[in-house]
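Trainee: Generate a structure from the sequence data that follows.
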Amino acid sequence: MESLWKLIFLLEPAPVTLIITAVAVTFGSAFRALNYGKEMERNRDFSEASITLDGSQALMIPLQYSLADPFVSRCCSKSFTRSQGLLLLACTGIVAAWLVSGHWMLNNLLGISICIAFVSHVRLPNIKICAMLLVCLFVYDIFWVFFSERFFGANVMVSVATQQASNPVHTVANSLSLPGLQLITKKLELPVKIVFPRNLLGGVIPGENAQDFMMLGLGDMAIPAMLLALVLCFDHRKSRDTVKLVDIHSSKGHKYIWYALPGYAIGLVTALAAGVLTHSPQPALLYLVPSTLGPVIVISWIRKELIELWEGTVPTLNDKARQVEV
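Mentor: Here you go, the predicted model:
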């Protein structure tokens, strides 16, 4: 009974902020992915169309991350509009400020931006591929958190998550003996996670001690967000088809997003609660995969729409792009 009182910690500002931020970013990423797809379809501009994963890619993601390669050469292939130019300047300023200060808020802002961009550009065509990806990452997360210490002598996932990198700006400034060196942080937390000080109102010094921060990896937001983006697009198509067919039934019954999103929140709270009770790192996907994928599959089976979701009968943007090229 005494251990259950520890769960009161989840009501403190840091975990509450972490949960709200993660849920908002996950939903926002899915919503951005839906709008991005609409823009590409409306403008018939497929030069920057999203990548749609197939089965082999979904199986290989836990082993290597090379999905961003097709986009590396695109950033300078087109002229910028005025709004894009202003956005570029703002982003450059944020990155510069992060390189100098290493502040955790800027780190979070960069991480959230990466998450949204990833979910917007990398798509899952159907629940079958989505399930393959989530199950593979489910096993991947469990192995590296619970069993890596037996094989490598240390918890590899925790070591990677808490490892800091040397600040190249500080290194260059030190080599050139530039003024203001003391204002530049020596170490940087890489934007592969979002972090919040455990004493959020107490002003913990960023980077002083990794144990003073609560953290959540970007993958624990981006991967479930890919599922949410998939069902959100499915909800949109169903709503659109319902309007076209003048169906007397409300399209609200097709909103799978309202099963997956609360499931994500429940899974995240469960993961944090398990960490508090066991005093050990937890693989978040151990809780997030069943709580998000499970409700979608069960509800779609009850509604007799599982086959449609499983096979993905609606063509993807890449399919449309090929049709345009032909």
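Trainee: contacts, neighbours, all on C-alpha from now
Mentor: Fine.
Trainee: need the contact list for the residue most central in space within the chain.
Mentor: With distances taken as C-alpha atoms, centre = their mean, the residue of the chain nearest its centroid is Ala222 (1.8 Å). Ala222 is in contact with Thr26, Ser29, Cys115, Ile116, Phe118, Val119, counting by C-alpha atoms under 8 Å, 6 or more residues apart in numbering.
Trainee: Any stretches of this structure with poor pLDDT?
Mentor: Applying pLDDT under 70 to the chain flags residues 1-4, 43-79, 202-211, 241-254, 313-326.
Trainee: just so I have it, where are all the helices in it?
Mentor: 13-43, 55-60, 82-101, 104-121, 127-142, 148-152, 156-162, 168-176, 219-244, 257-278, 284-302, 306-311, 317-325 (DSSP state H).
Trainee: From Arg123, how far off is Leu133?
Mentor: Per C-alpha to C-alpha, to the nearest Å, Leu133 is found 12 Å from Arg123.
Trainee: Then Leu183?
Mentor: From Leu183 to Arg123 the distance is 41 Å (C-alpha to C-alpha).
Trainee: These two: which is more packed in?
Mentor: Shown here are Leu183 and Arg123; by other C-alpha atoms under 10 Å, Arg123 has more neighbours (22 against 10).
Trainee: Surely the more buried one and Met226 touch.
Mentor: Yes - with contact defined as C-alpha atoms under 8 Å, Arg123 reaches Met226; the gap is 6.7 Å.
Trainee: Report how many residues lie close to Leu106.
Mentor: 19.
Trainee: next one: Ile194
Mentor: Neighbours around Ile194, by other C-alpha under 10 Å: 26.
Trainee: who's in contact with it?
Mentor: Counting by C-alpha under 8 Å, 6+ apart, Ile194 has contacts Asn107, Asn108, Gly111, Ile112, Met215, Leu216, Gly217, Leu218.
Trainee: How much space separates the nearest residue to it once chain neighbours are set aside from Val25?
Mentor: With C-alpha to C-alpha, 6 or more residues apart in numbering as the criterion, Ile194 has its nearest non-adjacent residue at 4.8 Å, and that residue is Asn108. Noted for Asn108: a distance of 11 Å to Val25, by C-alpha to C-alpha.
Trainee: what do you get for Ser239?
Mentor: 24 Å.
Trainee: Nearest to Leu200, out of the helices of the chain?
Mentor: helix 13-43 (5.5 Å; C-alpha to C-alpha).
Trainee: Could I get the buried residue list for the closest one?
Mentor: 13-15, 18-19, 21-23, 25-34, 36-37, 40 (16 or more other C-alpha atoms under 10 Å).
Trainee: Many thanks, have a good one.
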